[in-house]
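> Predicted coordinates and the sequence they were generated for:
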Amino acid sequence: MAKFNDSPEYVKFRANAQKYNIAISIHAPYYISLTSVNPEIYQSSIRRVANVYAWAVWLNAKRIVIHPGSYGKKSDRSSSILMTQITEGISEGMEMAEDLFPNLKSQFHDICLCPETMGKHGQLGTVDEVITICKDLGVNRVRPCIDFGHVYARNLGKLKGRRLYESVFEQLEQELGSNITQHLHIHYSKIEFTQKGEKKHHPNTSTWGPEIDPLFEFIQEQNLTPIIINESPELEPDAVLLMNQWKHLQKAT
């Protein structure tokens, strides 16, 4: 493991992130399934949670974004059972990380795991569910990742404009505290949806929602300091687009 940690690629990455003052987050593997009924898949998912903590240290990432899992057949297991399975799996993954990488253990406490809101109706990850996971595990180690494109698509575009953003921030502050909303981890892109929720991510220049300007205005008015990650298919160009939109708002005010 030490060789992996000290590889030139990781050393260069960490140095460049520090040089340009870039906050790093990492996304846990998409094939993690903490709601699986298959014991082998579930245990493999726990091990992957453990491994991603080491990756985060090697990359100097302070936030790990993770998909909670899918509902599966709702008739088989209640939501409370699924939530318990998720929180137990995350806890076991954290403990396993300390066992597998004892030399990194002290650095794991600086890393926050961020369960993400999901856009499809078959995926576990409403705002309420993400809040519950954070409450159950404690916001000192687990905080929400709010993907507003997912929230928008899951609600079939019924919440839009400033109300979309305000409603989520209000709920988070009420249930998790102002420190969470002050430094919220956010994903953003425009998303096409059907009656089943999210269908497809689109570039930020598309006519799909949600619009970013109401979020930027809210952030500025409330003096918030979130991290916003562009999740569109056009990663770099759209990230620059968002940055320029933010700078334009700053100049306008």
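Ah, there it is. Please read these numbers as outputs of a predicted model, since none were measured by experiment.

> neighbours around Pro226, how many?
Applying the criterion other CB atoms under 10 Å, we find 15 residues in the vicinity of Pro226. Glycine gets a C-beta too; all of them are placed from N, C-alpha and C.

> separation between it and Leu113?
Going from Pro226 to Leu113 by CB to CB, to the nearest Å gives 17 Å.

> So Pro29 belongs to a helix, correct?
No. Pro29 sits outside any helix when classified using DSSP: H, G, I helix; E, B strand; the rest coil, being coil.

> residues near it, how many?
14.

> cool, and Ile66?
A count of neighbours around Ile66, defined by other CB under 10 Å, yields 26.

> Contact partners for it?
Taking CB atoms under 8 Å, 6 or more residues apart in numbering, we find Ile66 in contact with His27, Ala28, Ile32, Val49, Val52, Ile90, Leu113, Cys114, Pro115, Glu116.

> What residues does the third one make contact with?
Shown in contact with Ile32 (CB under 8 Å, 6+ apart): Ser45, Arg48, Val49, Ile66, His67, Gly69.

> if you set the cut-off to 10 Å instead, what comes out?
With contact set as CB atoms under 10 Å, 6 or more residues apart in numbering, Ile32 has these partners: 41-42, 44-49, 52, 66-69, 89, 93.

> Kindly report the same for the first one.
When contacts are counted by CB under 10 Å, 6+ apart, His27 touches 52, 61, 63-67, 114, 116, 145, 187, 229, 231.

> Who does the residue nearest the centre of the chain form a beta bridge with?
The chain has Cys145 as the residue nearest its centroid, 3.3 Å off, counting by CA atoms, centre = their mean. Beta-bridge pairing for Cys145 (DSSP bridges): Glu116, His185.

> what number of residues lie near the closest residue to His67 other than its chain neighbours?
Nearest non-adjacent residue to His67, counting by CB to CB, 6 or more residues apart in numbering: Glu116, 5.8 Å away. By other CB under 10 Å, the residues close to Glu116 number 22.

> try Arg47
Burial measure for Arg47: 15 neighbouring residues, criterion other CB under 10 Å.

> Can you tell me the element it falls in?
In this structure, Arg47 sits in helix 39-59 according to DSSP states H and E.

> Repeat that for Glu192.
For Glu192, the enclosing helix or strand under DSSP H and E is strand 190-194.

> Using CSV, write out the CA atom coordinates for that strand.
The C-alpha atoms that make up strand 190-194 are tabulated as CSV, following Å, rounded to 0.1, in the frame of the first residue of the first chain:
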residue,chain,number,x,y,z
LYS,A,190,-29.5,20.0,-16.0
ILE,A,191,-31.4,16.7,-16.1
GLU,A,192,-34.1,15.3,-18.4
PHE,A,193,-36.7,13.3,-16.6
THR,A,194,-39.7,11.1,-17.2
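
> Does Thr87 touch Val130 like I think?
No. Using CB atoms under 10 Å, Thr87 is not in contact with Val130; the gap is 11.8 Å.

> higher neighbour count, those two?
Just comparing Thr87 and Val130: by other CB under 10 Å the higher neighbour count belongs to Val130, 25 against 20.

> quick one: that one from Ile229, how far?
Computed with CB to CB, the distance linking Val130 and Ile229 is 16 Å.

> now do Thr207
Distance from Thr207 to Ile229, by CB to CB: 22 Å.

> neighbour count winner among those two?
Higher neighbour count among Thr207 and Ile229: Ile229, with 19 against 7, using other CB under 10 Å.
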